[in-house]
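S.K.: just the structure for this:
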Amino acid sequence: MFTAYYALSFNPFTNEIDTKYSFQSKDFIQASARLELLRQHKGIGLINGEPGCGKSFVLRCFVSSLSKSLYKTVYIPITTLTVREFYRALCDGLGVIPAYKKVDMFKQIQESIYSYTSKNITPVIIIDEVQFISNSILDDLRLILNFEMDSKNMCILILCGQPKLVIQLSRQPHEALRQRISINYTFNGLSRTETQEYIKSRFKASGRADPPVDEDAYEFIYTITGGFPRKINNLMNMALLTGFKDKIPVLNGELFLKANDELNITA
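M.R.: Numbers count the residues shown, from 1 in each chain. Next comes the predicted model:
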């Protein structure tokens, strides 16, 4: 494995990396600050950005920072659901055996949220890939979170998805929901400087203070990946694997070009 060849204590470019190694990019800092504001005041938050820009990692870090005795996290990653299926998924996440009728599940969900808050536990509902969610579910979300004539925020709802979600929410039928979104952040990806710092920080976390990367290669990495962490991770993994197979101690631009060709999927 390339970890031994490059003197790494673990693979620093895996998606499973511990949240304690979070890289403090502009996106990470700005999104985290908004999520912290949401934690304090509750309500609805919107996190959006292109695939692979770091949204899920920020959410993982946010959830890991929450006390399990004070917060109940419900994560719904699949949104290509019917309204009824969504209600059932929300009931399951809240620990409720779903009733048969939608109207009864609606009541169960609200009563469950009330129950948690009465015990000083804040439900945190995270809905991922929201760009695929139906308009009917978006309409019902606003109704589900309407407590005491819309005068109280009883839980935290985080909508996370790709940019088309913003277009969907900008349509007139969702005006009422959009007005209730208290925090909103759009990920832009890492800058050129941040891309280099990110790679170096990952190597440092795995015990390699001097990254085995040619200085001239960083610009090429940024150009290929656009500064999106997932793309950077994929490219770095392939480059390290290719470098290990070819016994190349320092990864250079030519090797990254070869690694990028390996990653490209063509018909």
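
S.K.: residue contacts, Lys204?
M.R.: Going by Cβ atoms under 8 Å, 6 or more residues apart in numbering, Lys204 touches Pro211. Just so you know, the C-beta spots here come from the backbone N, C-alpha and C atoms, and that holds for glycine as well.

S.K.: setting aside sequence neighbours, what's the nearest residue to Arg39?
M.R.: Nearest residue to Arg39, sequence neighbours excluded (Cβ to Cβ, 6 or more residues apart in numbering): Ile156, at 6.8 Å.

S.K.: and the gap between that neighbour and Asp261?
M.R.: With distances taken as Cβ to Cβ, to the nearest Å, Ile156 is found 44 Å from Asp261.

S.K.: of these two, which one has the most company?
M.R.: Each of Ile156 and Asp261 has its neighbours counted (other Cβ atoms under 10 Å); Ile156 has more, 27 against 11.

S.K.: OK, contacts around the more buried one?
M.R.: Ile156 is in contact with 38-39, 42-43, 45, 122-125, counting by Cβ under 8 Å, 6+ apart.

S.K.: of those residues, just say which sits nearest to Thr223.
M.R.: Ranked by distance to Thr223 (Cβ to Cβ), the contacts of Ile156 are led by Gly45 at 32.5 Å.

S.K.: pretty sure that closest one contacts Asn184?
M.R.: Yes - assessed by Cβ atoms under 8 Å, Gly45 is found in contact with Asn184 at 7.2 Å.

S.K.: overlap of the contact sets of the two?
M.R.: Arg34.

S.K.: who's more crowded, those two?
M.R.: Neighbours per residue (other Cβ under 10 Å) separate Gly45 from Asn184, with Gly45 holding more: 23 against 15.

S.K.: which strands or helices does the strand or helix carrying the more buried one pack on?
M.R.: For Gly45, the host element (DSSP states H and E) is strand 43-48. Applying 3 or more Cβ pairs under 8 Å, 6 or more residues apart in numbering; DSSP states H and E, one finds that strand 43-48 contacts helix 26-41, helix 55-64, strand 156-161, helix 164-169, strand 181-186.
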